[in-house]
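Chemist: From the sequence below, what's the structure:
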Amino acid sequence: MHRLITLFTPVLCAMATWPFSPPGDQAGPAHRTPSVQAAHPPDLRGYSLIFNDDFNGRQLNTALWDYRQENSVRQGSLFLRSNVSVGDGHLLMAGNRLSGGYSCSMISTEKSFRFKYGYAECRADLGNISFGATFAFWLQSTTNGASQDPAMDGVEVDIFEYNLNSGGKDFIQHNLHWNGYGAGHRHLGASEPIAGLSSGYHLFGLEWTPREYIVYVDGAERTRTSTAISHRDEFLLLSNLITDDGFGGDRKAGRYPEFFNIDYVKVYAPPPAVNLYGDCNYKGWIGMGLRPGKYNSADLRALAGATTGQNGAASVEVPKGWKVTLYSGDNFSGASRVLVSDTPCLTNFGPDGRIASLIIVKTHSHDQR
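Modeler: Numbering: from 1, shown residues only. All right, here's what the predicted structure looks like:
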């Protein structure tokens, strides 16, 4: 998690072009209440459960999770494996005061599980927190900032960050960070009150599609954005950080140990589909969710519609186990090219570098992303 934070636009203003603070802006977020839709979970019909940890064992399942930054010091706090425990169907991530310092905890699925698009959810109790600590459930890419293009490099997606220094015990934050953490760093976020947040268990979810991020708390949509959408595989993280920058409040005033209590973490994948984009690097959306079949020029124009006004596509996302045959001419004529994986830019293909028709087929029965 990076500490620079600004504002997501509320749900009411979804899909707008949203401002962000320039790199180096250390100001905390203004407290703005998003327009919250009626409580209902996202529609997961057709989705498949691809990751599930109910923490029913006696220790952390290291086939799923790794201890992040173990035995290293970050912002005056030591990451300790011993601060992570599993029992009675829960994961406890502790923060504590040490002689001369503090200890914290973080785990991730970087080495074992990554996904692209879907719905990620955790059920957690935030009530046992202290000043100085920040709890978070988030996604990260291994290449954030590599080319200064979030679509290609990935994005840090903080599904939630929670501490006692951002408005009180019933305030929560949702944040994005992209283009790395140096001079090119960009960020966007929201801070909002949620009644009863500090009491009992709550559900925190992110629906990530090729077009937007949608954040849910207890089944209610809290905020959404189409800014900085990652088109790369990302991994999960859970963290309890005690930092010396004051983000979580004055840690010297904290009462320790404190615990981030997680009941479960689940990820659901959407039905596999082909996505088409009018420009390279998955820009200029044309059509999302194409199933197996034949699509000629008229079909592609209909998909593009007023969104791009383009015929064909310049980049294509292809699910594992699927094959897409591209044609430079209408009605499956002219030069052809076969794609079996994501292709960020079609070069030297067709008279204008765009496709005019295509055929999508499944090549394997196991075709999850």
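Chemist: Pull the number of nearby residues for the nearest residue to residue 145 once chain neighbours are set aside.
Modeler: Of all residues not flanking residue 145 in the chain, residue 180 sits nearest, at 2.1 Å (CB to CB, 6 or more residues apart in numbering). Bear in mind the C-beta positions are built from the backbone N, C-alpha and C, glycine included. If you count neighbours by other CB atoms under 10 Å, residue 180 ends up with 19.
Chemist: And residue 180, how close does it get to residue 108?
Modeler: Using CB to CB, to the nearest Å, one gets 18 Å for the distance from residue 180 to residue 108.
Chemist: ok, now residue 121?
Modeler: As judged by CB to CB, residue 121 and residue 108 stand 17 Å apart.
Chemist: Does residue 326 touch residue 343 like I think?
Modeler: No - if you go by CB atoms under 8 Å, residue 326 and residue 343 don't touch, sitting 9.1 Å apart.
Chemist: Find residues that contact each of the two.
Modeler: Jointly contacting residue 326 and residue 343 under the rule CB atoms under 8 Å, 6 or more residues apart in numbering are residue 316.
Chemist: Give me the more crowded residue out of the two.
Modeler: Neighbour totals were compared for residue 326 and residue 343, and residue 326 leads with 24 against 20 (other CB under 10 Å).
Chemist: Show the pLDDT at the more buried one.
Modeler: With respect to pLDDT, residue 326 scores 93.
Chemist: Would you map the helices across this structure?
Modeler: 150-153, 297-308 (DSSP state H).
Chemist: Relative to residue 57, which of those helices is closest?
Modeler: Shortest distance between residue 57 and the helices of the chain, using CB to CB, is found for helix 150-153: 34.8 Å.
Chemist: Report the mean confidence score over the closest one.
Modeler: 97.
Chemist: Just the CA trace of that helix, in CSV.
Modeler: In CSV, the C-alpha atoms belonging to helix 150-153 read as follows (Å, rounded to 0.1, in the frame of the first residue of the first chain):
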residue,chain,number,x,y,z
PRO,A,150,-1.5,0.8,-16.0
ALA,A,151,-3.3,-1.3,-18.5
MET,A,152,0.0,-3.1,-19.3
ASP,A,153,1.8,-2.8,-16.0
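Chemist: Going forward, count from 39.
Modeler: That works, and once the first residue is 39, the last one we named lands at helix 188-191.
Chemist: by contact count, what packs against it?
Modeler: The criterion is 3 or more CB pairs under 8 Å, 6 or more residues apart in numbering; DSSP states H and E, and there are no helices or strands that helix 188-191 contacts.
Chemist: Residues touching it, excluding its own?
Modeler: 179, 181-185, 216-218, 224, 266-270, 319-321, 382.
Chemist: repeat that with 6 Å
Modeler: For helix 188-191, contacts defined as CB atoms under 6 Å, 6 or more residues apart in numbering pick out 181, 182, 183, 184, 185, 216, 266, 269, 319, 320.
Chemist: Of those residues, which count as buried by neighbour count?
Modeler: 182, 183, 216, 266, 269, 319, 320 (16 or more other CB atoms under 10 Å).
Chemist: what's the most distant pair in those?
Modeler: 183 and 320 (17.2 Å).
Chemist: So for residue 406, what pLDDT did the model give?
Modeler: On the pLDDT scale, residue 406 gets 47.
Chemist: so where is the stretch 239-388 of the chain shaky, pLDDT-wise?
Modeler: Low-confidence segments of the stretch 239-388 of the chain, defined by pLDDT under 70, are located at 343-350, 388.
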